[in-house]
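>>> sequence unknown, structure follows:
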């Protein structure tokens with residue numbers, strides 16, 4: 001997920017103190033309902049993404065936009081028996097926002113040799129259109145990677161949104177929840193965050209990358225789990 005810094009504030013307080021009182025995912029959903037965000041899904045033609053969008057909308061913890069060819073998305077939803085009520089379906093190729101997004105992309109990348117024509121082409125691509133919608137303030141976050149590689153997804157975000165001012169490295173994590181029977185044996189009440197398994201897979205114990213990833217994990221773990229214990233392995 002890629003988000004804007006300005007929309008992190010409501011989530012600063014820990015999500016939960018004891019996972020046994022309510023599952024972590026349920027707590028996350030409840031928190032999200034209190035501050036519903038506008039989320040753009042660039043892989044809107046993928047049935048898995050459509051199904052997820054329908055579930056999120058039904059449970060009312062985000063406002064979803066699916067990107068892709070409208071007819072294909074609606075046909076896929078019909079085949080799966082899914083309703084698209086409350087979900088915005090948008091084709092970047094026919095969106096009136098493309099020109100404005102292309103200008104944002106050009107301003108960010110012209111020093112790298114990107115032309116106006118190339119910026120227009122990038123703005124029409126779902127991954128870039130989604131990231132540019134966040135950069136433009138039309139969305140709070142974008143979630144991708146179901147049908148695209150991690151590198152393509154991260155690259156679109158970096159080129160369209162960029163890093164926070166004080167950031168020097170891009171990092172990611174997986175949130176893993178142990179089964180009820182194994183909860184006491186793993187992590188913080190059964191929850192573990194693995195970093196970095198995708199973006200910075202090779203981190204040594206003495207590298208600056210480790211310290212920066214560790215700092216980022218502290219900022220991320222506390223709002224999610226209310227605890228912050230970090231273990232490094234090589």
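Structure received. All figures in this text were calculated on a predicted structure; none of them were measured in a lab.

>>> and stretch 68-87, how far from the chain's centre?
Relative to the centre of its chain, stretch 68-87 is centred 22 Å away, using CA atoms, centre = their mean, to the nearest Å.

>>> ok, and what's touching it?
43-45, 47, 50-51, 53-54, 57, 64-66, 89-91, 126 (CB atoms under 8 Å, 6 or more residues apart in numbering). Glycine gets a C-beta too; all of them are placed from N, C-alpha and C.

>>> what's the local residue count around residue 168?
Using other CB atoms under 10 Å, residue 168 has 9 other residues around it.

>>> could you look up the SS state of it?
coil (DSSP: H, G, I helix; E, B strand; the rest coil).

>>> so residue 89 lies in a strand, does it not?
Yes. Counting by three-state DSSP, residue 89 falls inside a strand.

>>> from residue 119, how far out is it?
Counting by CB to CB, to the nearest Å, the separation of residue 89 from residue 119 is 25 Å.

>>> the two: who's more crowded?
Set residue 89 next to residue 119 and count neighbours by other CB under 10 Å: residue 119 wins out with 24 against 19.

>>> ok, the more buried one touching residue 106?
Yes. Using CB atoms under 8 Å, residue 119 is in contact with residue 106, at 3.9 Å.

>>> quick one: buried residues of stretch 54-72?
Within stretch 54-72, the residues that qualify as buried are 54, 56, 57, 61, 62, 63, 64, 65, 66, 67, 68, 69, counting by 16 or more other CB atoms under 10 Å.

>>> can you redo these as JSON lines with secondary structure?
Output for the buried residues of stretch 54-72, formatted as JSON lines (three-state DSSP):
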{"residue": "54", "secondary structure": "helix"}
{"residue": "56", "secondary structure": "helix"}
{"residue": "57", "secondary structure": "helix"}
{"residue": "61", "secondary structure": "coil"}
{"residue": "62", "secondary structure": "strand"}
{"residue": "63", "secondary structure": "strand"}
{"residue": "64", "secondary structure": "strand"}
{"residue": "65", "secondary structure": "strand"}
{"residue": "66", "secondary structure": "strand"}
{"residue": "67", "secondary structure": "strand"}
{"residue": "68", "secondary structure": "coil"}
{"residue": "69", "secondary structure": "coil"}
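
>>> between which two of these is the distance greatest?
61 and 69 (26.7 Å; CB to CB).

>>> got the domain boundaries for the chain?
36-160, 174-225 (automatic domain parsing).

>>> got those as CSV, with mean pLDDT and distance to residue 26 columns?
Formatted as CSV, the domains of the chain follow (pLDDT from 0 to 100; distance: least, CB to CB, whole Å):
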stretch, mean pLDDT, distance to residue 26
domain 36-160, 97, 10
domain 174-225, 66, 11
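
>>> do a quick rundown of the helices in this protein.
Counting by DSSP state H, the segments of the chain that form helices are 24-34, 47-59, 70-80, 98-109, 116-123, 126-135, 150-160, 208-225.

>>> hang on, the earlier thing: name the stretch among the domains of the chain that sits most buried.
Ranked by mean neighbour count under mean count of other CB atoms under 10 Å, these are led by domain 36-160, which reaches a mean of 18.

>>> how long is that one from one end to the other?
23 Å (CA to CA, to the nearest Å).

>>> does residue 150 touch residue 198 like I think?
Yes. Residue 150 lies in contact with residue 198 (CB under 8 Å); the separation is 4.8 Å.

>>> give me the common contacts of the two.
Common neighbours of residue 150 and residue 198 (criterion: CB under 8 Å, 6+ apart): residue 172.

>>> just to revisit the earlier point, can you tell which of the domains of the chain is closest to residue 27?
Closest approach to residue 27 among the domains of the chain (CB to CB): domain 174-225, 9.4 Å.
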